[in-house]
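Trainee: I would like to see how this sequence folds:
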Amino acid sequence: MPESRPVSPRAAAVVLPCADLDAMLAFLRERLGFQLDEIGPADAPKYAELSGHGLRIRLERGADVHPGIVRVRCDGLRESATLSAPNGTRIELVGTDLPPLPPPPLDTPVATRSRDTEWHQGRAGMQYRDLIPRRWNGRIVASHIRIPRGGPVADYVHYHEVRFQLIYCHRGTVQVVYEDQGPPFTLAAGDVVLQPPEIRHRVLACSDGLEVIELACPAAHATRVDHELELPTAGMRAERAFAGQRFVHHVGAAARWSSSPGPGIEVCGTTLHDASGGGVGVRVVRSTGAPQVTFDATAAEMRFVYLLRGHARSRGIGEDDDPLLAGDCLAVPGARRWSLDSCSADLELLEVSCDPCAGKPR
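Mentor: I've put the predicted structure just below:
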């Protein structure tokens, strides 16, 4: 066996076979905007290397490899398209805009019980469990996320291609940093963050037993790594808009509670609804003696309710008479009126009203 020696990579390229080098060069340069970087030998070229759009391609005459697929993201492209290169490589042209959402589900509430869900491993050492079966027909994903052991988190500067996204800190603390939002800060239990579309951010560290609730639209969305931006960024731009939304950090410990919904009930509201352009609203509701909490119909598409503490029974959204316990949740169409009764004295719940198409095309 030869001795293993360290290497210092300089550049990498995807190799594609090529019979007609001139035709491929013309196609890649004129149709797709690649630039020629290298070609040889000069008197009878057998290979060429081109770069563009974050990709480096090496064309080789007679290479015994699959012609491959090249996917090109295009601004302003409304419908995907496919081209065929002279060498047989399939060129997939896809847009950068979020795709249209699938239609909302029928008027069918769904309950998710903690005892029936399983945890699975996600990115950066985080564990997830789904809170909405079938993810509201692919429109909205709600996740319970935990990191059992505290310390530094193996995260990186990244962003999400979403219509809206929020984080509610349920237990523990987590240190985070966001683009143009100043130095790193700590989210504590009861805090809420609105993460506008494509804001760069990073999770730095957390306490033991961190648990957060996250909602995002659409359910399937890309998380993209930003290799260039360093956080924190210089300065503070609290009013900066990202795709028409503003970053919000709601501090639960400093929030004010109101008894306006009725006797025996207190509500802690947030400013997420206005900051998100009406896409998502968040409040925490707790009982101070009321045996019932009623949810009137709303213009929002869906209301998500997660039991933070206590227990209750749902009325008007199904035949299951088992009490809802802490960790259980409901997803209910906004147009439906319903209630929780037999509420325990310590009942506390997170309520999120979601309207994925607020100010946006369906």
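Trainee: for the stretch 151-300 of the chain, what spans make up the helices?
Mentor: Under the criterion DSSP state H, counting those that start in this stretch, the stretch 151-300 of the chain contains helices at 272-275.
Trainee: What residues sit buried inside stretch 296-306?
Mentor: 298, 300-306 (16 or more other C-beta atoms under 10 Å). Any C-beta I mention is one placed from the backbone N, CA and C, and that applies to glycine too.
Trainee: quick one: the residue lying closest to residue 147 once chain neighbours are set aside from residue 135, how far?
Mentor: Once flanking residues are discounted, residue 147 sits nearest to residue 210: 4.5 Å by C-beta to C-beta, 6 or more residues apart in numbering. To residue 135, residue 210 is 23 Å away according to C-beta to C-beta, to the nearest Å.
Trainee: before we move on, what about residue 329?
Mentor: From residue 329 to residue 135 the distance is 13 Å (C-beta to C-beta).
Trainee: Give the intersection of the neighbour lists for the two.
Mentor: Jointly contacting residue 329 and residue 135 under the rule C-beta atoms under 8 Å, 6 or more residues apart in numbering are residue 142.
Trainee: more crowded one of the two?
Mentor: residue 329 (24 against 20; other C-beta atoms under 10 Å).
Trainee: what about that one, distance to residue 129?
Mentor: For residue 329, the distance to residue 129 - C-beta to C-beta - is 11 Å.
Trainee: swap in residue 140?
Mentor: In this structure, residue 140 and residue 129 are 15 Å apart, going by C-beta to C-beta.
Trainee: higher neighbour count, those two?
Mentor: For residue 140 and residue 129, the more surrounded residue by other C-beta under 10 Å is residue 140, and the numbers stand at 26 against 17.
Trainee: thinking that one is in contact with residue 132, fair?
Mentor: Yes. Residue 140 lies in contact with residue 132 (C-beta atoms under 8 Å); the separation is 6.5 Å.
Trainee: Let me know the pLDDT of residue 77.
Mentor: Listed pLDDT for residue 77 reads 87.
Trainee: my guess is it contacts residue 95, does it?
Mentor: Yes. Contact criterion C-beta under 8 Å: residue 77 and residue 95 qualify, at 3.9 Å.
Trainee: which stretches of the stretch 201-350 of the chain have low pLDDT?
Mentor: Across the stretch 201-350 of the chain, residues meeting the criterion (pLDDT under 70) sit at 261, 318-321.
Trainee: residue contacts, the nearest residue to residue 251 once chain neighbours are set aside?
Mentor: Of all residues not flanking residue 251 in the chain, residue 191 sits nearest, at 5.7 Å (C-beta to C-beta, 6+ apart). By C-beta under 8 Å, 6+ apart, the residues touching residue 191 are 168-169, 249-253.
Trainee: May I see these arranged in a markdown table, with neighbour count as well?
Mentor: Below are the contacts of residue 191 laid out as a markdown table (neighbours: other C-beta atoms under 10 Å):
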| residue | neighbour count |
| --- | --- |
| 168 | 24 |
| 169 | 22 |
| 249 | 16 |
| 250 | 22 |
| 251 | 13 |
| 252 | 16 |
| 253 | 8 |
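Trainee: Looking at these, spot the one nearest residue 202.
Mentor: Using C-beta to C-beta, residue 249 comes nearest to residue 202 of those, at 15.1 Å.
Trainee: Counting neighbours, what do you get for the spatially closest residue to that closest one that is not a sequence neighbour?
Mentor: Distances taken as C-beta to C-beta, 6+ apart put residue 193 closest to residue 249, at 5.5 Å, once the chain neighbours are dropped. Applying other C-beta under 10 Å, we find 23 residues neighbouring residue 193.
Trainee: Quick check: residue 63 vs residue 29, distance?
Mentor: Shown here: residue 63 relative to residue 29, a distance of 20 Å by C-beta to C-beta.
Trainee: higher neighbour count, those two?
Mentor: Set residue 63 next to residue 29 and count neighbours by other C-beta under 10 Å: residue 63 wins out with 17 against 14.
Trainee: where are the low-confidence patches of the stretch 1-150 of the chain?
Mentor: 1-5.
Trainee: swap the cut-off to 50 and go again
Mentor: Scanning the stretch 1-150 of the chain for pLDDT under 50 picks out the ranges 1.
Trainee: the helices in it, which residues?
Mentor: With DSSP H, counting those that start in this stretch as the criterion, the stretch 1-150 of the chain has helices spanning 21-26, 135-138.
Trainee: Pick the most deeply packed of these.
Mentor: helix 135-138 (a mean of 19; mean count of other C-beta atoms under 10 Å).
Trainee: what's the spacing between that one and its chain's center?
Mentor: 14 Å (C-alpha atoms, centre = their mean, to the nearest Å).
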